[in-house]
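S.K.: test case, fold it:
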Amino acid sequence: MFNILGSLIRQFVFYMLFIAITRAIFLLYYTRLIIDDNIRLSEVLASFTHALRLDAVAASYMVIFPFLILVIQSIYSPKWLNIINKVYTAIILSAYSLITTAELGIYGEWKTKLPAKALNYFDHPDEIYNTAPTGTFILLISLFLIQVGGSFYLYNSFFYKNLVNVKRNWIFTILFFILTPGFILMGLRGGVQEIVIVQSDAYFSKHNILNIAATNSGYNFMQSYFENRNNMDKNPFTYYNPEEAKQTVSKLYEVPKDTTDKFLKVKRPNIVFVILESWSADLLEELGGKKGIAPEMSKLASEGLLFTNIYSSAERSEQGISCLFGGFPAHPISCFTIQPDKYKRTPNLNHILKNEGYFSSYYFGGQLIYGNMKGYVYYSGFDRIAEIYDFPSDIPQGKLGVHDAWVFNRQLLEIDKDKKPFFSVMYSLSTHAPFDMPMTHRNFVDDNYQNLFLNSAFYADSVIGDFIRKAKTKEWYDNTLFIFIPDHSHDTYKKWAYPSPGYCKTFMLFYGNVIDDKFKGHTIDKLASNVDFPATLLAQMDLNASEFKWSKNIMNPYTKEFAYNSFEEGIGWIRPWGYFFYDNNYETFRSIELPDSLKTQTIKEGKSFIQVVFQDYMDL
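M.R.: Numbers count the residues shown, from 1 in each chain. All right, here's what the predicted structure looks like:
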């Protein structure tokens, strides 16, 4: 009985140790980079502790098959079952070591974990050999063999004990079979917390190499594989000849004159960027919404610059953040914010601003592991990052995290002391379900769910108003630009069809004394997307935005008007004269309103857009 249970525990511990050894090899292999970055030994060692939960997930997967063998061995234990266990272990050690050894070879060049697309290189193994120096290739092969052989020797000599003629205990067998899967399942999800663990849970450092080391290699590779297995070789959104599609998209971005209508009076203002969780255009009275839902935002709009015809590219927060910081359109099927090997090949707004001397900070009252946003935020290089765990436990919290009011208060307190100019991001939380904000509810509509959502917006709006009033007392206020943009839209009391333009319509609002008086209280009605935010902001600051090839400068009067929306397995395409929403899975239009004279052209534009965007995503 105890032999069976002890064997499972020892095998789990062995896999945890084995994974730690591969991490140590990686860090030793790249000691030079660690020294060059002046990384303290204590921080290097911290990569092991921050890796524990994700390592436990990987180890839990690894012991599923041994658990099944042990169930059999508890009632029938011939010698050959021990051999099967050892063969399985050798296969696992070889597969995992192959991944980690490959990472030793690619990190110096790619600066990422091994992505699943690396499987494509095995179609031409000679290229792998020819592109690596012979000495390096031999060293990596040697490390692989030593790692597999040494680990298997360790397993066979100190961790695994052959089980033969185990005394039967049917009560134990039944309990072992029923109860153990529960513990394994808990390990597979990384604990009992509400949000299942993801790669970025291991992220903790400003140094990329330590985050890479802390992220479990096997888990990361399988995550990459399952996210891309259906489109590793073929773009599922191929409608036209690739060159023809590229030409169609290229024409959409053609600008006969590179110019900008400037609404900023200064080139390097402080920037407070508030990302509004799930805000729809229907929350603003100025955009046709009910009066009284967001009175503070209405006041800011009357004194700021409101972009009234903005559509979200994304449907989820983890997609929206890449639109806003990377200017990369959301797309069906997957999201590159959960794939570090991809987002590290895209531009980033914070990187641009840091190069201009900005001190940057990021505040979020919830858990950053949601949607793997933590990895993307750390990659963005913010000087200060605060999430739920960085707030005192006695601060009032809802189910998802700290309420907006306390997060705004902390942001205000800390940026007051920050080096100027600063770029400070606040990602609101209150307007995300379950909408458990600390306030007395109002009756906006009869629908209970919608009323909860509208009350959460009213709460968030009141907190924003209070934040602005406090900010006005600060010395830095007059040189600060405040930006408010939703990450994506939300179902509202207007009951828009899904998908439809009304469903995905949002807005952008710029506010502050740094805005030229002639723009204050005005609106920009040009059709655009939240993806266009990075290029629009950088153009106001006279900074080069050419890296953000999917983002267009809305304030250039010559840019074409279009917006793109992504939903699961489909795309939405909006032009001033009409729109369509196409479901690629069922090859049908979910909704379409286009004049006959422009129908063919517009459909080709939209389909070409998603074809080229998704190909770009695949090629990252």
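
S.K.: what about residue 568, neighbour count?
M.R.: 12 (other C-beta atoms under 10 Å). No exception for glycine: its C-beta is placed from N, CA and C like everyone else's.

S.K.: tell me the phi and psi of it?
M.R.: phi -60, psi 120 (degrees, to the nearest 10).

S.K.: show me what contacts it?
M.R.: 315, 332, 333 (C-beta atoms under 8 Å, 6 or more residues apart in numbering).

S.K.: of those residues, the lowest pLDDT goes to which?
M.R.: In terms of pLDDT, residue 333 ranks lowest among these, with 76.

S.K.: right, and it touches residue 236 too?
M.R.: Yes - contact status for residue 333 versus residue 236: in contact at 7.1 Å, counting by C-beta atoms under 8 Å.

S.K.: following the helix or strand containing residue 209, which helix or strand comes up?
M.R.: Element membership for residue 209 (DSSP states H and E) is helix 208-214. Past helix 208-214, further along toward the C-terminus, the next helix or strand under DSSP H and E is helix 217-228.

S.K.: quick check: mean pLDDT of that next one?
M.R.: Helix 217-228 comes out at a mean pLDDT of 82.

S.K.: just after it, pick out the following helix or strand.
M.R.: As assigned by DSSP H and E, the chain's next helix or strand after helix 217-228 is helix 242-252.

S.K.: what does that next one contact?
M.R.: Against helix 242-252 from outside (C-beta under 8 Å, 6+ apart): 239, 240, 560, 562, 604, 605, 607, 608, 609, 611, 612, 615.

S.K.: buried ones in that helix?
M.R.: 245, 248, 249, 252 (16 or more other C-beta atoms under 10 Å).

S.K.: give me the distance from the helix holding residue 209 to the chain's centre.
M.R.: Relative to the centre of its chain, helix 208-214 is centred 17 Å away, using C-alpha atoms, centre = their mean, to the nearest Å.

S.K.: pLDDT of that helix, averaged?
M.R.: Here the average pLDDT along helix 208-214 is 89.

S.K.: tell me which other helices or strands it touches.
M.R.: helix 2-29, helix 41-50, helix 79-110, helix 373-380 (3 or more C-beta pairs under 8 Å, 6 or more residues apart in numbering; DSSP states H and E).

S.K.: can you pull the buried residues of it?
M.R.: Buried, per 16+ other C-beta under 10 Å, within helix 208-214: 208, 209, 210, 211, 212, 213, 214.

S.K.: how close does the last one sit to residue 35?
M.R.: Distance, residue 214 to residue 35, using C-beta to C-beta, to the nearest Å: 19 Å.

S.K.: and what of the second one?
M.R.: Spatial separation of residue 209 from residue 35 under the definition C-beta to C-beta is 11 Å.

S.K.: kindly report the same for the third one.
M.R.: When C-beta to C-beta is applied, the distance between residue 210 and residue 35 equals 13 Å.

S.K.: picking that back up, of the buried residues of helix 242-252, which is the nearest to residue 40?
M.R.: Distance to residue 40, by C-beta to C-beta, is smallest for residue 249 among the buried residues of helix 242-252, at 46.8 Å.

S.K.: on the three-state scheme, residue 580 is what?
M.R.: State at residue 580, reduced to three classes by DSSP: H, G, I helix; E, B strand; the rest coil: strand.

S.K.: hey, what's it bridged with?
M.R.: According to DSSP bridges, the partner residues bridging residue 580 are residue 573, residue 592.

S.K.: hmm, residue 600 and it touching each other?
M.R.: No - shown here, residue 580 and residue 600 do not form a contact pair, counting by C-beta under 8 Å, at 11.4 Å.

S.K.: which of these two has more neighbours?
M.R.: residue 580 (21 against 10).

S.K.: who are the contact partners of the more buried one?
M.R.: Counting by C-beta under 8 Å, 6+ apart, the residues that residue 580 touches are 572, 573, 589, 591, 592, 593, 594, 602, 603, 606.

S.K.: for the residue nearest to the fourth one when sequence neighbours are not counted, list the residues it contacts.
M.R.: Nearest in space to residue 591, with sequence neighbours left out and distances taken as C-beta to C-beta, 6 or more residues apart in numbering, is residue 581 at 4.9 Å. Contacts were defined as C-beta under 8 Å, 6+ apart; by that measure residue 581 touches 499, 500, 565, 567, 570, 571, 572, 573, 589, 590, 591, 592.

S.K.: now rank those residues by neighbours and give me the top one.
M.R.: That'd be residue 565 among the contacts of residue 581, by other C-beta under 10 Å, with 28 neighbours.

S.K.: follow-up on the earlier one: point out the most buried one among the helices and strands packed on helix 208-214.
M.R.: helix 373-380 (a mean of 23; mean count of other C-beta atoms under 10 Å).

S.K.: now for it, which elements pack on it?
M.R.: Applying 3+ C-beta pairs under 8 Å, 6+ apart, we find helix 373-380 packed against helix 208-214, helix 317-326, helix 340-343, helix 349-355, strand 359-364.

S.K.: shaky segments in the stretch 301-450 of the chain?
M.R.: 371 (pLDDT under 70).

S.K.: neighbours of residue 178, just the number please.
M.R.: 9.

S.K.: ok, residue 442 touching residue 458?
M.R.: Yes - counting by C-beta under 8 Å, residue 458 is a contact partner of residue 442 at 6.4 Å.

S.K.: who's more crowded, those two?
M.R.: Remark: of residue 442 and residue 458, residue 458 carries more neighbours, 23 against 12, as counted by other C-beta under 10 Å.

S.K.: what residues are up against the residue nearest to the more buried one when sequence neighbours are not counted?
M.R.: Among residues not flanking residue 458 along the chain, residue 293 sits closest, at 5.9 Å (C-beta to C-beta, 6+ apart). Residues near residue 293 by C-beta under 8 Å, 6+ apart: 283, 284, 285, 444, 454, 457, 458, 461.

S.K.: which residues touch the fifth one?
M.R.: Spelled out, it's residue 454. By C-beta under 8 Å, 6+ apart, residue 454 lies in contact with 283, 290, 293, 442, 444, 445, 493.

S.K.: how near is it to residue 503?
M.R.: When residue 454 is compared with residue 503 (using C-beta to C-beta), they lie 16 Å apart.

S.K.: residue ranges for the helices of the stretch 51-200 of the chain, please.
M.R.: 52-62, 64-73, 79-110, 125-130, 134-154, 170-188 (DSSP state H, counting those that start in this stretch).

S.K.: mean pLDDT lowest for which of those?
M.R.: For the helices of the stretch 51-200 of the chain, where the average pLDDT is lowest is helix 125-130, sitting at a mean of 52.

S.K.: contacting residues around stretch 390-401?
M.R.: 194, 364-367, 387-388, 402-403, 406-407, 410, 429-430, 432, 434, 436-438.

S.K.: repeat that for 10 Å
M.R.: Defining contact as C-beta atoms under 10 Å, 6 or more residues apart in numbering, one finds that stretch 390-401 is touched by 194-195, 277, 363-368, 370, 384, 387-389, 402-407, 409-410, 429-430, 432-438, 456.

S.K.: now it, how far from the centre of its chain.
M.R.: The answer for stretch 390-401 is 22 Å, by C-alpha atoms, centre = their mean.

S.K.: likewise stretch 366-377?
M.R.: Relative to the chain's own centre, stretch 366-377 is displaced by 6 Å; criterion: C-alpha atoms, centre = their mean.

S.K.: what do you get for stretch 5-18?
M.R.: 32 Å.

S.K.: residue 235 contacts residue 332, correct?
M.R.: No - using C-beta atoms under 10 Å, residue 235 makes no contact with residue 332, being 11.6 Å away.
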